[in-house]
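A.B. asks: Build me a structure from this.
(chains A and B)
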Amino acid sequence: MSGGGAKFKAAVPRLGIGLPYFASLPAEFYQCGAVDFVEITPEILCRQRPAGNAIELEIVPQHMERAKSVCAGLPVVVHGVELSIGSAHGWNQAYLEMLDTFQKVWPFVWHSEHLGFQTFRGSDGCTQEVGVPLPLPPTNEAADLVARRSAEILERYGVPFLLENPAYYLPDPPSDPEVGDDIGLMRKILQRSGSLQLLDLHNVYCNAINHRFDPFAAVDRMPLDAVAEIHIAGGSWDGGFWMDAHDGRVPEPVWELLEYTLPRCPSVGGIVFEMLDEHVSRLGADGIHQELTRARKVWMSHGRGDAYGATRFSDVAGAVSACI
Amino acid sequence: MALLDFQTSLAQLVRVSNAVDVPPGVLLTPRERRYLSDLPGNSAFCFTVRVQRSWCAGRAAKAAYLTLSILPSEQRDRLLEEWIGSGGGTHSFVGAESEAFLDFIARRLSDPSHELTICRMELAALRSSEGSLRFERPELSRMDRTDCVLRRGRSAGVVHFYAEPEKVLNALLKREPFPAISSDVTTLIFGPGLDRLYVRASSLDVALYERLRSPAATADLFAEGFTRETSERLLEGGVLEYAK
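C.D. replies: Numbering: from 1, shown residues only, chains lettered A, B, ... in the order given. You can find the predicted model right below:
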């Protein structure tokens, strides 16, 4: 890992248990001790508008104010989806400009993005959206491109930058032998850029089922000393594939993967239970609280009890039951 | 490998879901060409395409929620399918998707019809609501300048109702049948600076809005009989704006 990587790894504080910002959850949920930090996808606070020949992402002040008030006092990390860091024709400059503004009004502890691409250059030369994120081929060109951009992001924001391993359904794309596969690609990018990994264990599980490999063996091959955050989530079967649907509770095998992985990640700063906003009402505050509580038990059982929120843990049960 | 060409070919393949001709001059190795040409027969690729279609349909349905909700399910499904098939539904931001999809739907609805009215109202409400976030009341004194030119507000719109708007909207809210189409037309005018973002338009309002299909100098408008009072009121509501 580069010197920059070591510096940023040292800058990852132990935050504890995190939850995405859901506008549909009551604000009290974030303030009753079950959540140590909040993961914000800034695009959900934005709208897109034309600015000359380009597109601008504009933070909607009312959305920002509400989010800040809901998350009052909690550390915030950013989890973007619109950057398209792996698009060879160019990344989403409007996203970065929006994030510049976001950081000035709401500083974040670290920043993460998905390792993949979702835009391409259309036949008219304009940027077009695929409509779904696609994985990058494990090649030196892709590794160099994302490493260069990741290093730029580290420089630009001065906080750790994490790349998330994606879930993918497409069969193995053509690769360069010295990169190998998606794990090799992540390893090369981290080595060349100094960025860190957001290890999404549900994505590992999802890929393991759909592409028939052993998820524990896959975790063993990952650069675990560079993992700064872990995601857990739920999914569901659809058409013979396990979907990374973020639609409910964490499956038991993913909990097992968490138990296995966490003690092998010395630099991890937090675990986030991910879900899509549209499924929040179905699981409910009670269900979400149960998943967070279980994640906290794992976190603490592996000696991460000195986390930001751990001292408040004894108060959680009563406080949460009062607010839900 | 040329990553750019590989991504473009793969993305187009996912969007059109069957084989695409890789044009000459594209820098793909024989292995990459073989990979891409084998994909359409691969179940994992077909699933990726299905996920893409499902995400696009979800975005589009959200983007034209009101209009789609009043259409028969068969018509709704057909519109969604046609829209997604033409590459729609890929915008991550609802606003951009709504503009394009509602316009697409409007061109396929009978004119006049209450369905078309609702579609245009959804689009006008969306535009004026978005516009209201950054709307600033204009300086009316600029109208006194000899070079003053007016145009339609970029966040404004007019919607014609072919029955009393209250009756149409009540039917919409209560999921009851719409009233019969009437020859008496009532027009609502939408603007980002208007109270509640819309107001019932007078015939003068509509005439001035229609006149401004292309920008016009205030001197010409006044010479044609349009009043300063109407121009000022519509400017303050964001229905009109200064062209320069």
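
A.B. asks: Give me the secondary structure label for the nearest residue to residue A:112 once chain neighbours are set aside.
C.D. replies: Once flanking residues are discounted, residue A:112 sits nearest to residue A:162: 3.8 Å by C-beta to C-beta, 6 or more residues apart in numbering or on different chains. Where C-beta positions appear, they are placed from N, C-alpha and C, glycine not excepted. Using DSSP: H, G, I helix; E, B strand; the rest coil, the structure places residue A:162 in strand.

A.B. asks: and the gap between residue A:162 and chain B?
C.D. replies: 21 Å (C-beta to the nearest C-beta, to the nearest Å).

A.B. asks: neighbours around that residue, how many?
C.D. replies: Neighbours of residue A:162 under the rule other C-beta atoms under 10 Å in any protein chain shown: 27.

A.B. asks: How about the contacts made by it?
C.D. replies: Contact analysis of residue A:162 by C-beta atoms under 8 Å, 6 or more residues apart in numbering or on different chains lists A:110-113, A:195-198, A:228-229.

A.B. asks: Would you agree residue A:199 falls within a strand?
C.D. replies: Yes. When three-state DSSP is applied, residue A:199 is found to be in a strand.

A.B. asks: For the chain, which segments are assigned as helices?
C.D. replies: Reading this off chain A. All helices of chain A, identified by DSSP state H, fall at A:3-10, A:27-31, A:61-70, A:93-105, A:140-157, A:182-193, A:201-211, A:215-221, A:252-261, A:277-301, A:313-323.

A.B. asks: let's do chain B instead
C.D. replies: B:3-16, B:30-38, B:43-63, B:65-69, B:73-85, B:94-106, B:114-132, B:165-174, B:203-211, B:218-223, B:228-236.

A.B. asks: Grab the nearest non-local neighbour of residue A:93.
C.D. replies: According to C-beta to C-beta, 6+ apart, the nearest residue to residue A:93 is residue A:54 (7.7 Å).

A.B. asks: Contact residues of chain B facing chain A?
C.D. replies: Residues of chain B found near chain A (C-beta under 8 Å from any C-beta of the partner chain) are B:1-4, B:6-8, B:10-12, B:14-15, B:29, B:31-32, B:35, B:39, B:42-45, B:47-48, B:50-52, B:55-56, B:87, B:89-93, B:95-96, B:130, B:133.

A.B. asks: thinking again about what came up before, correct me if wrong: the residue nearest to residue A:93 contacts residue A:95.
C.D. replies: No. Using C-beta atoms under 8 Å as the test, residue A:54 is too far from residue A:95 to be in contact (12.0 Å).

A.B. asks: give the contact list for residue A:43.
C.D. replies: A:57, A:80-82, A:95, A:98, B:92-93.

A.B. asks: which residues of chain B score low on pLDDT?
C.D. replies: In the predicted model of chain B, residues B:1, B:17-25 satisfy pLDDT under 70.

A.B. asks: make it 80
C.D. replies: B:1, B:17-26, B:244 (pLDDT under 80).

A.B. asks: How much space separates the residue lying closest to residue A:185 once chain neighbours are set aside from chain B?
C.D. replies: Closest residue to residue A:185 apart from its sequence neighbours, by C-beta to C-beta, 6+ apart: residue A:138 at 4.2 Å. To chain B, residue A:138 is 11 Å away according to C-beta to the nearest C-beta.

A.B. asks: quick one, what contacts residue A:138?
C.D. replies: Residue A:138 neighbours (C-beta under 8 Å, 6+ apart): A:173, A:175-176, A:179-182, A:184-185.

A.B. asks: can you tell me which of those residues lies nearest to residue B:68?
C.D. replies: residue A:173 (36.4 Å; C-beta to C-beta).

A.B. asks: That closest one reaches residue A:135, doesn't it?
C.D. replies: Yes. Contact status for residue A:173 versus residue A:135: in contact at 7.0 Å, counting by C-beta under 8 Å.

A.B. asks: what is the orientation angle of the longest strand seen in chain A with helix B:3-16?
C.D. replies: If you go by DSSP state E, chain A has its longest strand at strand A:127-134. Angle, strand A:127-134 to helix B:3-16, by axes from the mean of the first three to the mean of the last three C-alpha atoms, to 10 degrees: 80 degrees.

A.B. asks: Show me what strand A:127-134 is packed up against.
C.D. replies: If you count contacts as 3 or more C-beta pairs under 8 Å, 6 or more residues apart in numbering or on different chains; DSSP states H and E, strand A:127-134 packs onto strand A:117-121, helix B:3-16, helix B:43-63.

A.B. asks: got the buried residues for the last one?
C.D. replies: Buried positions in helix B:43-63, judged by neighbour count with 16 or more other C-beta atoms under 10 Å in any protein chain shown: B:44-45, B:47-57, B:59-61, B:63.

A.B. asks: again, but for the second one
C.D. replies: Burial within helix B:3-16, assessed by neighbour count using 16+ other C-beta under 10 Å, is assigned to B:3-15.

A.B. asks: can I get the CA coordinates of that helix in PDB?
C.D. replies: The C-alpha coordinates for helix B:3-16 follow below in PDB (Å, rounded to 0.1, in the frame of the first residue of the first chain):
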ATOM      1  CA  LEU B   3     -11.700  -0.100 -21.900                       C
ATOM      2  CA  LEU B   4     -13.700   2.700 -23.500                       C
ATOM      3  CA  ASP B   5     -14.800   0.500 -26.400                       C
ATOM      4  CA  PHE B   6     -15.500  -2.500 -24.200                       C
ATOM      5  CA  GLN B   7     -17.700  -0.500 -21.900                       C
ATOM      6  CA  THR B   8     -19.600   1.100 -24.700                       C
ATOM      7  CA  SER B   9     -20.300  -2.200 -26.400                       C
ATOM      8  CA  LEU B  10     -21.300  -3.900 -23.100                       C
ATOM      9  CA  ALA B  11     -23.500  -1.000 -22.100                       C
ATOM     10  CA  GLN B  12     -25.300  -1.000 -25.500                       C
ATOM     11  CA  LEU B  13     -25.700  -4.700 -25.300                       C
ATOM     12  CA  VAL B  14     -27.400  -4.400 -21.900                       C
ATOM     13  CA  ARG B  15     -29.700  -1.600 -23.100                       C
ATOM     14  CA  VAL B  16     -30.800  -3.300 -26.300                       C
END
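
A.B. asks: which one of the contacts of residue A:43 sits closest to residue A:191?
C.D. replies: Residue A:191 has its nearest neighbour among the contacts of residue A:43 in residue A:80, at 22.4 Å by C-beta to C-beta.

A.B. asks: Quick check: phi and psi at that closest one.
C.D. replies: The phi/psi pair for residue A:80 (degrees, to the nearest 10) reads phi -90, psi 160.

A.B. asks: Leaving out sequence neighbours, find the closest residue to residue B:31.
C.D. replies: The nearest residue in space to residue B:31 (C-beta to C-beta, 6+ apart) is residue A:174, at 4.9 Å.

A.B. asks: Residue B:78 is in contact with residue B:71, correct?
C.D. replies: No. Taking contacts as C-beta under 8 Å, residue B:71 lies outside contact range of residue B:78: 9.3 Å.

A.B. asks: coming back round to it: for beta bridges, what are the partners of the residue nearest to residue A:112?
C.D. replies: residue A:112, residue A:196 (DSSP bridges).

A.B. asks: ok, the spatially most central residue of chain B to residue B:141 distance?
C.D. replies: Centroid-nearest residue in chain B, with C-alpha atoms, centre = their mean: residue B:99, separated by 2.5 Å. Using C-beta to C-beta, to the nearest Å, residue B:99 is found at 33 Å from residue B:141.

A.B. asks: Just the buried positions in stretch B:164-180, please.
C.D. replies: So stretch B:164-180, judged by 16+ other C-beta under 10 Å, has buried residues B:165, B:167-168, B:171-172, B:178.

A.B. asks: Reformat these as CSV; add distance to residue A:169.
C.D. replies: Converted to CSV, the buried residues of stretch B:164-180 look like this (distance: C-beta to C-beta, whole Å):
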residue, distance to residue A:169
B:165, 48
B:167, 49
B:168, 45
B:171, 44
B:172, 40
B:178, 44
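
A.B. asks: so which of these comes closest to chain A?
C.D. replies: For the buried residues of stretch B:164-180, the closest approach to chain A (C-beta to the nearest C-beta) belongs to residue B:172, at 23.7 Å.

A.B. asks: Brilliant, that's me finished.
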